[in-house]
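Chemist: no sequence for this one, just the structure:
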């Protein structure tokens, strides 16, 4: 059963109240990530559907900003024994900068269906706690490499947020606050096409490209 949300009253709003809601949501941050409902009992990326599109070995991760400039870091892609990929990145640092390193684990599942671009994968962060297994997308780029999307609720257009809530595609917890809300993706009637529509809707301020096989 979908938990009652602070936005559950939106379908009953008048046109005027909806207009106010849109304006309010547009000016208040909706911080937080996307999580799968009931992932412990029903994994959204089951072992039987695990995919491994990334080439193991040396790689490169580039952050492309709005102005088109990109900053790249060395990377390493490994296959985990318990399933999924590990992505290690590190930079040597510049003048006056210290070198940095990070490691993230992902489970990938190929998406298909109407409106889903070819070579698109659901990416779920690997974590022991289901509340930390945020969802994103990995999709092939025409010029080469893989675009990594880690959508946030605070960049979801207000109209789409309300639309998804009204349709029952996403929900929040009863005590959710607009300043830091986590969006749970409902499993009721969920399809790959719907999943892609939700995760690709937030506006991005930058793009991360993974170049494997380097």
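Modeler: Cool, the structure landed. The structure displayed is predicted, hence computed values, not measured ones.
Chemist: Please make it C-alpha for all contacts and neighbour counts, starting now.
Modeler: Will do.
Chemist: do you know how far the residue most central in space within the chain is from residue 86?
Modeler: Closest to where the C-alpha atoms of the chain average out (C-alpha atoms, centre = their mean) is residue 136, at 2.4 Å. Distance, residue 136 to residue 86, by C-alpha to C-alpha, to the nearest Å: 15 Å.
Chemist: in the chain, which spans are helices?
Modeler: With DSSP state H, the ranges of helices along the chain come out as 15-27, 158-167, 192-199.
Chemist: was I right about the residue nearest to the centre of the chain contacting residue 122?
Modeler: Yes. Counting by C-alpha atoms under 8 Å, residue 136 touches residue 122, with 6.1 Å between them.
Chemist: so how many other residues sit close to residue 68?
Modeler: 9 (other C-alpha atoms under 10 Å).
Chemist: oh sorry, the question was meant for residue 201
Modeler: By other C-alpha under 10 Å, 16 other residues sit near residue 201.
Chemist: Let me see the contact set for it.
Modeler: 156, 157, 160 (C-alpha atoms under 8 Å, 6 or more residues apart in numbering).
Chemist: can you check residue 187 too?
Modeler: Contact analysis of residue 187 by C-alpha under 8 Å, 6+ apart lists 36, 37, 38.
Chemist: now residue 154: how far from residue 141?
Modeler: Computed with C-alpha to C-alpha, the distance linking residue 154 and residue 141 is 25 Å.
Chemist: I should have written residue 42 there, sorry.
Modeler: 31 Å.
Chemist: Could you do residue 58 as well?
Modeler: 19 Å.
Chemist: before we move on, what about residue 132?
Modeler: 27 Å.
Chemist: How about the contacts made by the closest residue to residue 117 other than its chain neighbours?
Modeler: Among residues not flanking residue 117 along the chain, residue 139 sits closest, at 7.9 Å (C-alpha to C-alpha, 6 or more residues apart in numbering). Going by C-alpha under 8 Å, 6+ apart, residue 139 touches 117, 118, 119, 120, 121, 146, 147, 148.
Chemist: Read off the pLDDT value for residue 139.
Modeler: Note on residue 139: pLDDT of 95.
Chemist: follow-up on the earlier one: now, the contacts of residue 139 that are in strands?
Modeler: Members of those lying in strands (criterion: DSSP state E): 120, 121, 146, 147, 148.
Chemist: my guess is the fourth one meets residue 140, correct?
Modeler: Going back to what we said before, that points to residue 147. Yes. With contacts counted by C-alpha under 8 Å, residue 147 reaches residue 140, the gap being 6.2 Å.
Chemist: which residues in this structure form strands?
Modeler: 34-36, 57-64, 70-79, 85-91, 100-110, 120-125, 135-140, 146-149, 170-171, 183-185, 207-212.
Chemist: quick one on the thing from earlier: and the contacts of residue 201, which of them are buried?
Modeler: 156, 157 (16 or more other C-alpha atoms under 10 Å).
Chemist: still on that earlier bit, let me know the closest of the contacts of residue 187 to residue 192.
Modeler: Of all the contacts of residue 187, residue 192 sits closest to residue 36, with 12.9 Å by C-alpha to C-alpha.
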